[in-house]
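*Asks:* predicted model follows, preceded by the sequence.
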Amino acid sequence: MTAAVAPQEIEPVRYSLSKSGEVRCTLTLKRFYPSDITITWHTEHQTELNSDGKLAKSADGETFDVTSVCTLPRSLCFPVYVTWEHQSARQPQRIVLKRSDLPWRPQIGDIHLSNIKLKAKSTLQVKISGYFPEAPTVEWYKKKMGTDRFVAVDINNYESVISEHQRPSDNTYSCTASLLFTPTLPEDQRSEFMCRVRHPSLEQPIERRIGPLQITEPEMMNQQETSDPKEVNCQEQGTGV
């Protein structure tokens, strides 16, 4: 083979995550000729990043494959560029890696109720998992009975809390988001709540909803004295994205 052949297959960049929080990026180019090829990884400001390359014969025995690996430091800001130069092309070819390309997007569980009592501190909780980096933004919204839209909760009456980030065995992050409030009537009767999560890996936020909450009227509590006169009936309904 004498004529130059451009890479016939460009595999999508693969990502893996280390315990120390570094992202390992792997690019494979297949079936090009001749073997001389230069691959560089660099930042938006043209700072070159350390990388390793491995050249091998293709399955056809005539062309070549190369795999380039670059480990991104935790402090690195996106975008990242991977560029290759080969005599088959007049201009360098490149791929742009954005933060939203990272595969570790948050997953959000169902919203759970705990300790729901009238005029007592109550909690809505939701588990968020599988994300990297550790930068989710959690927003809580409420839709009152008789209204048709969710509005941000009043920070004077509702407290949003995020637990410390945990690291499961896959080296991603997880946390629990909570909304603390004191249910009152009629303010919270049949209200619906929504948790909205934003993250650099997401192009659009993800959501979970719960409600409408059914809070027992005070005069109905006398009928419950045999069990717990202070307990408030709360039903979980309609969770969904």
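*Replies:* All right, it came through fine.
*Asks:* which parts of the lowest-mean-pLDDT helix or strand in the chain are buried?
*Replies:* Every helix and strand in the chain was compared by mean pLDDT, DSSP states H and E; the lowest is strand 112-114, with a mean of 83. For strand 112-114, burial by neighbour count (16 or more other Cβ atoms under 10 Å) applies to Leu113. To be clear about C-beta, it is placed using only N, CA and C from the backbone, and glycine gets the same treatment.
*Asks:* list the strands paired with that strand, with their directions.
*Replies:* Strand 112-114 pairs in its sheet with strand 122-131 (antiparallel), by DSSP bridges.
*Asks:* show me what contacts the closest residue to Lys144 other than its chain neighbours?
*Replies:* If the residues on either side of it in the chain are set aside, Lys144 comes closest to Ser191, at 5.4 Å by Cβ to Cβ, 6 or more residues apart in numbering. Listed by Cβ atoms under 8 Å, 6 or more residues apart in numbering, the contact partners of Ser191 are 142-145, 211-213.
*Asks:* quick one, phi/psi of Ser191?
*Replies:* phi -80, psi 150 (degrees, to the nearest 10).
*Asks:* sorry, back to before: out of the contacts of Ser191, name the ones that lie in strands.
*Replies:* 142-143 (DSSP state E).
*Asks:* so where's the protein uncertain?
*Replies:* Residues of the chain that meet the criterion pLDDT under 70 lie in 1, 115-116, 216-241.
*Asks:* do that again at 80, thanks
*Replies:* Applying pLDDT under 80 to the chain flags residues 1-2, 114-120, 214-241.
*Asks:* just confirm Ser100 is within a helix.
*Replies:* Yes - if the criterion is DSSP: H, G, I helix; E, B strand; the rest coil, then Ser100 is within a helix.
*Asks:* give the contact list for it.
*Replies:* Shown in contact with Ser100 (Cβ under 8 Å, 6+ apart): 200-203.
*Asks:* if we use 7 Å, what do you get?
*Replies:* 200-201, 203 (Cβ atoms under 7 Å, 6 or more residues apart in numbering).
*Asks:* and what of Thr67?
*Replies:* 26, 28, 53-54.
*Asks:* buried ones among those residues?
*Replies:* Buried among the contacts of Thr67 by 16+ other Cβ under 10 Å: 28, 53.
*Asks:* domain-wise, how is this structure divided?
*Replies:* Listed domain ranges for the chain are 9-101, 107-224 (source: automatic domain parsing).
*Asks:* want to try CSV for these, with distance to Thr2 as columns?
*Replies:* Putting those into CSV (distance: least, Cβ to Cβ, whole Å) gives the following:
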stretch, distance to Thr2
domain 9-101, 9
domain 107-224, 45
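*Asks:* the residue of the chain most remote from its centre and Ser58, how far apart?
*Replies:* Distance from the C-alpha centroid of the chain peaks at Thr2, with 47.8 Å (Cα atoms, centre = their mean). As defined by Cβ to Cβ, to the nearest Å, Thr2 lies at a distance of 17 Å from Ser58.
*Asks:* Gln107 too?
*Replies:* Taken as Cβ to Cβ, the span from Gln107 to Ser58 is 38 Å.
*Asks:* over to Val151?
*Replies:* Counting by Cβ to Cβ - Val151 and Ser58 are separated by 59 Å.
*Asks:* looking at those two, which is more packed in?
*Replies:* Ser58 (15 against 11; other Cβ atoms under 10 Å).
*Asks:* next up, the contacts around the more buried one.
*Replies:* 30-31, 64-65.
*Asks:* make sure Ile39 is actually in contact with Gly53.
*Replies:* Yes - assessed by Cβ atoms under 7 Å, Ile39 is found in contact with Gly53 at 5.7 Å.
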